[in-house]
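1. I'd like to go over a predicted model; first the sequence, then the structure.
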Amino acid sequence: MSVKSSVVTSILDQLSALGHKKVVYCSDPDTGLKAIIAIHDTTLGPALGGTRMWNYATETEALEDVLRLSRSMTYKAAITGLNLGGGKAVIIGDSRKGKSEAMMRSFGRFIKNLNGEFITAEDVGTTTKDMEYISMETTHVTGVPESIGGMGDPSPTTAKGIFLGMKACVKEVFGTDMMAGRSVVVQGIGNVGEHLVELLRKENVEVFISDINEERLHQVARKYKAKPVEADKIFGLDVDIYAPCALGATVNDKTIPKMKFAIIAGSANNQLADEQVHGALLLEKNILFAPDYLINAGGLINCYSELTGYGKKRTMQLTENIYDATRNVIKLSKADNIPTILAANRIVEQRIIDIKKIKSSY
Ligand SMILES: NC(=O)c1ccc[n+]([C@@H]2O[C@H](COP(=O)([O-])OP(=O)(O)OC[C@H]3O[C@@H](n4cnc5c(N)ncnc54)[C@H](O)[C@@H]3O)[C@@H](O)[C@H]2O)c1
């Protein structure tokens, strides 16, 4: 079967537009596996990124997602000071019905053939059990269950990083990083959101919460004495901090005009619908944005610790660095009057350029 040259050109154009190194298509009709692995940059180390299983409507949609997500992983690893590059994988299919041991092990063999250039972990639609299956075929996997040497659920570490990034922003805006007396609305009280609510309530922060899962909303509200709010009321709330912990792109043309927040700091990936446009709008409105890929890096730090055998103490130390890293981003943003997201990008890109240079000398 001949491949149309226009298709080849457009995929390769997409790779070069975002600076990707490699994309691997994986197909195994015997197990139903259809997957794409994207390796964005490996200057700092092997590309690490989760495997997402999602029922994408088209292969184009899956490719776009994996390209975008793998690039974010490069930025997340680099700003956190880890020796890791960025990658991501997507498996096309319904994670509730289409998964099997054979499929995951088949996928593990594709990862094995990359000889350590890509290391995976769990993500939306995959579990620690899936990582265990992958680990039967390759050592290039993290996020396996604690019972077989993994670090377990990364959400508490992620929540800790969010809390510290938030504190760094509070210090900037209010002159002290004491959290008592501040008010926060947490959107999405899933794994990360609930841990964040717990940390905030321990510091006597007034916490508002919202979730599409009503039962969970009321359960978490009772447990931590948090105040439930309706999903569509969040953006007009008169509180100090908005913590998006559900979905990406919630900071956009529609929501920004309603915002009275002083700070945005949460765990969701890609919170700004458009980095350039909405980063600039937030700067104009004097709303301090904590770059998502920096403050939500706790999960990645957990994976890194599992790979290196660092243990819980070192994991916590690396997570605590998020406070100073956030302060540095804010400093650069103020000095050059640029949005914090662009300041963070600049720090990442400079680190990659610097390390690339030293790696080119013998
Ligand atoms: N788990 C981690 O360690 C980690 C690390 C980095 C980034 N993140 C990101 O942080 C976010 C939260 O992760 P998680 O592991 O807690 O996920 P989760 O699935 O456990 O929780 C998400 C919660 O958001 C709720 N939700 C979905 N749509 C909503 C909406 N429109 N309004 C309000 N609530 C809504 C869901 O009902 C759920 O309770 C995700 O975007 C994830 O990609 C997570």
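-> Nice, I can see it.
2. make it CA atoms for all contacts and neighbour counts henceforth
-> Fine.
3. just the pLDDT for the one residue sitting closest to the centre of the chain.
-> The central residue of the chain, meaning the one whose C-alpha is nearest the mean C-alpha position (C-alpha atoms, centre = their mean), is residue 269 at 4.6 Å. Residue 269 carries a pLDDT score of 90 in this model.
4. ok, residue 188 next?
-> The predicted local distance difference test score for residue 188 is 96.
5. near the ligand, which residues of this protein?
-> Among all residues of the chain, those adjacent to the ligand (criterion: C-alpha under 6 Å from any ligand atom) are 154-155, 158, 187-193, 210-213, 231, 245-247, 267-269, 296, 299.
6. from those, which land in helices?
-> For these, membership in helices holds for 155, 158, 191-193, 299, with DSSP state H as the criterion.
7. got a quick ChimeraX command for the buried subset of the residues of the chain next to the ligand?
-> Restricted to the buried members of the residues of the chain next to the ligand, where burial is judged by 16 or more other C-alpha atoms under 10 Å, the ChimeraX selection command reads as follows:
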select :154,155,158,187,188,189,190,191,192,193,210,211,245,246,267,268,269,296,299
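8. related to what we said a few turns ago, you'd agree the residue nearest to the centre of the chain is up against residue 294?
-> No: if you go by C-alpha atoms under 8 Å, residue 269 and residue 294 don't touch, sitting 10.0 Å apart.
9. give me the domain ranges for this protein.
-> Dividing the chain into domains by automatic domain parsing, as the record does, gives the ranges 20-67+88-148, 155-349.
10. rewinding a little: spit out the contact partners of the closest residue in space to the residue nearest to the centre of the chain that isn't next to it in sequence.
-> Computed as C-alpha to C-alpha, 6 or more residues apart in numbering, the closest residue to residue 269 that is not its neighbour in sequence is residue 248, at 5.4 Å. Shown here is residue 248, whose contacts under the criterion C-alpha atoms under 8 Å, 6 or more residues apart in numbering are 268-273.
11. what segments of the stretch 151-300 of the chain are helices?
-> Defined through DSSP state H, counting those that start in this stretch, the helices belonging to the stretch 151-300 of the chain, from first to last, are 155-174, 191-202, 214-224, 275-284, 292-295, 298-308.
12. what is the burial count for the residue nearest to residue 183 when sequence neighbours are not counted?
-> Counting by C-alpha to C-alpha, 6+ apart, residue 206 is the residue found nearest to residue 183 once chain neighbours are left out, at 4.6 Å. Close neighbours of residue 206, defined as other C-alpha atoms under 10 Å, add up to 20.
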